[in-house]
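Asker: Requesting a structural model of the entry that follows:
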Amino acid sequence: MKTSITFLALAALPFSGLIAAQPAYTLGDTPHLLGDWGGARSDLADAGVDLQLYQILDVYDDVSGAAESGTAWFGRLRVGATLDLEKLLGWESAVFSINGVDQYGKNYNRSRFGVLTNPSSIEGADTTRLADVWFGQTLLDGRLFYKVGKVDAVGAFGLQEYGSTFMNDEFAYVPNAIFGSGLAFDPAQKLGLIAEYRFADGTATDGLYLKLGLFDSNQSAPCRDDDNGLRFDWTGPIAYAGEFGYRSQSADKPAFAKVGFHYNTDAFAKLAQPGALADDNYLAYLSAGKTLHHFDASGQRYLQASIFYNYAPQNRNLYHHELTAMVRAIGPFAGRPLDELGLGLVAAFLSDDFSRASVASGGPSADTEYTIELAYKARITPWLVLQPDLQVVFDPAGDTSRDPVWIAGFRTVIDF
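Answerer: Take a look at the predicted model:
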């Protein structure tokens, strides 16, 4: 068994530090490493120009069980700006957003670790590209919001509401099954329109909502022929998405519930029938979450839990069903009120057709892959977050003959 003492020590750092009493702390005046640029940044924000610049670096290593051992790392630098067009141009309730990323590193989850889940929510293509660029506006006294441009479709229809505590992509972004429908994702956004209507008063934080989307699927491969994100052509086929939900944000214990779908009119390969195509693809999902407990009277320290379930037809999808569940504590310790602690579970039920295709090609049969993540997110300064992380994958890639894969990770987030 290969052991990684360094990474295990990193994963244990915040927990060992909590053995001794720690004083409560407060954050400084600026959330940025480079400060306020002599007041220029605040002046720009007051004028309607909000700038974003932050860096995420993930380092992780298998402790045991990986198909091929090795340390992996991946980084993402994101630069963006949000323009308040009402302040800048007098265009009522209108906004323009643009951002791009520089990603660097290796994608190891499947090629080396041999797991289907992705231990890093930023891991992907090594690329420098334009990501989001869209115009949005609020109408009907706050009831209707729309945005049009290059947009993140799966993030709009499938986001994990409480996932920011975690490092694994299936908690921190969307479950893996969501990607099977072929919609564009961050940072490979494509042209689309998203509109959300709130049934309650537009100023209310509670109530029912309906969200609809129409997107260019770019032949169900968002990065195809668009390596730098600068193409704005519509290649089709069309993909659709919808979500109906309820938010209760003003209550003592806020909650949410939502049900949604993706539908892609492209042709998809049938897994167990080489050369055969299905006319379209779809998935359905439902999710719910709630604040369960307050640790003190401040309302800033609390316990939350959520679940997410999705279904897709198995003859054209790797994932037939998938269930994720998570519980997280914001301010789990009185002396660390801004830290976060999370525990999550993924149960990925792989399709029988995928398993049959694997066996036919000489591979193992595939059943269900289970992933558990324990994450701790420590805010060290207003601009620095350190996040040790431990994950274990049972029946990697659905192969019941393999030993569990243990992965220790460490994330650094710096806001410039």
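
Asker: so where's the protein uncertain?
Answerer: Residue ranges of the chain with pLDDT under 70: 1-29.

Asker: Nearest residue to the spatially most central residue of it in space, please, no chain neighbours.
Answerer: Per CA atoms, centre = their mean, the C-alpha nearest to the average position across the chain is that of residue 173, at 1.0 Å. Leaving aside its sequence neighbours, residue 173 sits nearest to residue 121 (CB to CB, 6 or more residues apart in numbering; 5.0 Å). C-beta: built from backbone N, CA, C; applies to glycine.

Asker: likewise residue 290?
Answerer: The shortest distance from residue 290 to any non-neighbouring residue, by CB to CB, 6+ apart, is to residue 255 (4.0 Å).

Asker: is it true that the one you found touches residue 291?
Answerer: Yes. Using CB atoms under 8 Å, residue 255 is in contact with residue 291, at 7.0 Å.

Asker: before we move on, the earlier item: so how far is residue 116 from the residue nearest to the centre of the chain?
Answerer: Using CB to CB, to the nearest Å, residue 173 is found at 15 Å from residue 116.

Asker: now swap in residue 290 and tell me
Answerer: Going from residue 290 to residue 116 by CB to CB gives 29 Å.

Asker: neighbour-wise, which of the two wins?
Answerer: Between residue 290 and residue 116, counting by other CB atoms under 10 Å, residue 116 is the more crowded of the two (21 against 16).

Asker: List the contacts of the more buried one.
Answerer: By CB atoms under 8 Å, 6 or more residues apart in numbering, the contact list for residue 116 reads 109, 110, 176, 318, 348, 350, 369, 396, 397, 398.

Asker: What helices and strands are in contact with the longest strand anywhere in the chain?
Answerer: Assignment by DSSP state E gives strand 49-64 as the longest strand of the chain. Applying 3 or more CB pairs under 8 Å, 6 or more residues apart in numbering; DSSP states H and E, one finds that strand 49-64 contacts helix 5-17, helix 40-47, strand 71-84, strand 405-415.

Asker: Export those as JSON lines, with columns for distance to residue 229 and mean neighbour count.
Answerer: Converted to JSON lines, the helices and strands packed on strand 49-64 look like this (distance: least, CB to CB, whole Å; neighbours: other CB atoms under 10 Å):
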{"stretch": "helix 5-17", "distance to residue 229": "33", "mean neighbour count": "15"}
{"stretch": "helix 40-47", "distance to residue 229": "25", "mean neighbour count": "13"}
{"stretch": "strand 71-84", "distance to residue 229": "13", "mean neighbour count": "18"}
{"stretch": "strand 405-415", "distance to residue 229": "23", "mean neighbour count": "22"}
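
Asker: Distance to residue 340 added to the ones you listed, as CSV?
Answerer: CSV is the format used below for the helices and strands packed on strand 49-64 (distance: least, CB to CB, whole Å):
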stretch, distance to residue 340
helix 5-17, 10
helix 40-47, 26
strand 71-84, 20
strand 405-415, 12
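
Asker: Indicate which one of those is closest to residue 93.
Answerer: Residue 93 lies closest to strand 71-84 among the helices and strands packed on strand 49-64, at 9.5 Å (CB to CB).

Asker: How about exporting that closest one as CSV, limited to the C-alpha atoms?
Answerer: Below are the C-alpha coordinates for strand 71-84, written out as CSV (Å, rounded to 0.1, in the frame of the first residue of the first chain):
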residue,chain,number,x,y,z
THR,A,71,0.7,13.4,-7.3
ALA,A,72,-1.7,15.6,-9.4
TRP,A,73,-2.2,19.3,-9.4
PHE,A,74,-4.4,21.7,-11.3
GLY,A,75,-4.8,25.5,-11.3
ARG,A,76,-7.3,28.0,-12.5
LEU,A,77,-6.9,31.8,-12.7
ARG,A,78,-10.1,33.6,-13.4
VAL,A,79,-10.3,37.3,-14.4
GLY,A,80,-13.7,39.0,-14.9
ALA,A,81,-15.8,42.1,-14.7
THR,A,82,-19.4,42.9,-14.0
LEU,A,83,-20.8,46.2,-15.3
ASP,A,84,-23.8,47.8,-13.7
